[in-house]
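# Give me a 3D structure for the following:
(one chain, ligands or ions: 1)
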Amino acid sequence: MSEKKTRVRFAPSPTGPLHMGGVRTALYNYLFAKSKGGDFILRIEDTDQKRYVKGAEEYIVEALEWCGLKFDEGPHVGGNYGPYRQSERKTMYREYAEQLVKDGFAYYAFDTPEELEDMRERLKAAKVAVPQYNAVTRSTMKNSLTLSEDEVTRRLESGEPYVIRIKVPRKEEIRVQDIIRGWVVVHSSKVDDKVLFKADGMPTYHLANVVDDYLMEITHVIRGEEWLPSTPIHVLLYQYLGWEDSMPQFAHLPLLLRPDGNGKLSKRDGDRLGFPVFPLDWTDPQSGEQSSGYRERGYFAPAFINMLSFLGWNPGTTEELFSLQELTDTFTLERVGKAGAKFDLEKAHWYNQHYLRSKSNSELASLLTPLLKASGVEADLEYVAQVCHLMKERATFIPDMLEGTYFFNPPENYDQKMLAKKWKENTPAMIEGFRDILSSLDDFSSENIDALFKSYLQDNDLSMGQLMPILRILIAGVTSGPSIIDVISVIGKEEALKRIKIGLEKIPALTIA
Ligand code: GLU
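Next up, the predicted model:
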C-alpha cells in the first residue's frame, strides 16, 4: 500500500499581525512537511468576520515569505484544494452541520442571548464552577432535543435565529494521541456542546477546521498548545462525520514563554519587553499603534528562523547553527518538547551576530552603504568593505557598524577624559616624532605600520600606554573601536597624517582650557 502524501497546513486567523509563536508554528509545519517530501499549505481561517483585521492576511504572507517558508498551496499561490480562505468556502459547511443533526450528533438551539445568560446565572447561583451548555443543561434549554418536532419545524420555517450545537456524550472518555504529548484523555463531562454553526450562516472554527482538514486531505495537524482543549471536539467530529480513518495525527507545540518564564509571550506584549514579538513592523489599522518587527530591527531572516527553531526543539547534539535546509534535514516532531520554551534575547543577538560575521565583506558593504548614504556619507563599496572587515567582529546588527564614523570623517571632538589622563608635556613631541617616520612609510599595510610603531616605542624608550591611546584619540576621537593601527591603514597615509597634525594643533588648547 502506498503511503499517503504528507500534507500539513498553517491555518492562521487574520485577526492581526502574526506573532513570533505563529511563525514558529508555521516553521515546524514547513520543516515537517519538507522533511517528508510533503506539502505545506496556507489556509486563512476568517470565519469570524467580527475579528477580521484589514491587512493581516497580507502581513502573514509577507512575513513567512521573508522567513523563506514557501507555501505549496494557499490563497496567494492557488492549488487543487481551494479556495484557501474559509470565507470563500462558506457554502460548503452547512451540509455537514445538517448531516450531523440528521444523524443525531448535533441539534438546533434557539436560545436567545438573554436565555443563555439566565442559564449561566442559575448555574452560578447553584455553585456550578463552570456553567456550560452541555449534556446536563441542554435538557433545560430551547433546542431540538427539548422542543417538539412541529415546534422546531415552525421555528426553522419562520426564520427564527438558531445555532447548531454538537451533542457531546455525557460520560465518555475522549482519547487523542498526540505525537508530542502521548495519549491525552479528556472526560466528556468537561466538554461543552460547542456551537458548530452560527446564526449568521457561518461555521465556527471547530466545524470549518475539521471539514477543511478533511477535504484538504491534511495528514498532520501541528499547532499551538492553546488548541489542545479544542481537540476532543475535533475528534468527536471526525467520529460523527464518519471520517475516523482520515483523522490527521495531532502534534501540539509547547508555549513560547517570556524571558523570565513568567507567562506566555503574547501579542499584547508588543514592544514592552524590549524586543519585538512580531516578525515585521505592524501598524494597527484602527488604533494606529505601532509595533516593531524583527526584520526592521535588523535581524537576518536565517538568524531569526534558526533562533525560533530552537524554541521548543533541539537536534539532540550541541550543534546550534542550522540553515533552513539543514533544519529540514534534521527536524523531527519527536524532538519537540512538552515544556514551554523561554525566549532569550541574548541568544537572539548571538544568532544575528553569527550570521552577520559569516557574510562576506562586500555583502556587508552593500548592506551598510544605504545607511551611510542616509547619513550623508558617500563612499565607494571597496572602501566600505574594508571598514566592514574591521567592524563586523564588534557588530550584532548592520547599523552597529556605523559606530565607526571616523572611517569617513575626521573627529570633531576628542575624548577629554582620556586626554586628561594621558596628555603630558612631552606628548606633542612624541607624536610629532612618530608622525615624521610615518610620513616616510610607503607601504601602509597594518603589519608595516605596526612594526614601525613598535620600533619607534623601543627606540625612544616609550611604553604602549603612553602613545597608543593618544594616537587613537587623534585619529578617531574616541577610545573604543578596532585596532587603531588597522584604522590608520584603512584611512590611508594622507588622511592619517592630516588628522595627527590637526589634532596636535587643537588639543593643547583644549587641554589647557
Ligand atoms: N485558526 C486557528 C488559529 O488561528 C488555527 C488553529 C489550528 O491550527 O487548528 O491559530
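# was I right about Phe275 contacting Ala348?
Yes - with contacts counted by CB atoms under 8 Å, Phe275 reaches Ala348, the gap being 6.9 Å. Backbone N, C-alpha and C define where each C-beta goes, glycine included.
# between the two, which one's more packed in?
Between Phe275 and Ala348, counted using other CB atoms under 10 Å, Ala348 has the larger neighbour count: 22 against 19.
# May I have the secondary structure class of that one?
helix (DSSP: H, G, I helix; E, B strand; the rest coil).
# mind exporting stretch 454-471 as CSV, just the C-alpha atoms?
Output in CSV follows, covering the C-alpha atoms of stretch 454-471 (Å, rounded to 0.1, in the frame of the first residue of the first chain):
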residue,chain,number,x,y,z
LYS,A,454,56.7,49.2,17.9
SER,A,455,60.3,50.1,16.8
TYR,A,456,59.5,53.8,17.5
LEU,A,457,58.4,52.9,21.0
GLN,A,458,61.5,50.9,21.5
ASP,A,459,64.0,53.4,20.1
ASN,A,460,62.5,56.1,22.3
ASP,A,461,62.0,54.1,25.4
LEU,A,462,58.3,54.6,25.4
SER,A,463,55.5,52.4,26.5
MET,A,464,52.5,51.3,24.5
GLY,A,465,50.3,53.0,27.1
GLN,A,466,52.0,56.4,26.6
LEU,A,467,51.4,56.6,22.9
MET,A,468,48.7,54.3,21.7
PRO,A,469,45.7,55.9,23.4
ILE,A,470,46.8,59.3,22.3
LEU,A,471,47.2,58.1,18.7
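# Going forward, count from 13.
Understood, numbering begins at 13; the last thing we discussed is stretch 466-483.
# which stretches of the stretch 163-312 of the chain have low pLDDT?
Within the stretch 163-312 of the chain, no range satisfies pLDDT under 70.
# Contacts only, for Asp123.
131, 145, 153-155 (CB atoms under 8 Å, 6 or more residues apart in numbering).
# Among those, the buried ones, what's the ChimeraX command?
Filtering the contacts of Asp123 down to the buried ones (16 or more other CB atoms under 10 Å) takes a single ChimeraX command:
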select :131,145,153,154,155
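# from the contacts of Asp123, which single one is nearest the ligand?
Tyr145 (22.2 Å; CB to the nearest ligand atom).
# quick check, that closest one in a helix?
No - Tyr145: not assigned to a helix; according to three-state DSSP it is coil.
# who's in contact with it?
121, 123, 128, 131, 153, 177, 204-205 are the contacts of Tyr145 under CB under 8 Å, 6+ apart.
# Kindly indicate which of those residues lies nearest the ligand.
Closest to the ligand out of these is Asp204 (18.4 Å), distances taken as CB to the nearest ligand atom.
# Now the residue nearest to the closest one when sequence neighbours are not counted, what are its backbone angles?
Leaving aside its sequence neighbours, Asp204 sits nearest to Gln144 (CB to CB, 6 or more residues apart in numbering; 3.9 Å). The phi and psi values for Gln144, taken as degrees, to the nearest 10, are phi -140, psi 160.
# What is the three-state secondary structure of the residue in the stretch 213-362 of the chain that the ligand sits nearest to?
Relative to the ligand, the nearest point of the stretch 213-362 of the chain is Arg235 (3.5 Å; CB to the nearest ligand atom). Classification of Arg235 by three-state DSSP places it in strand.
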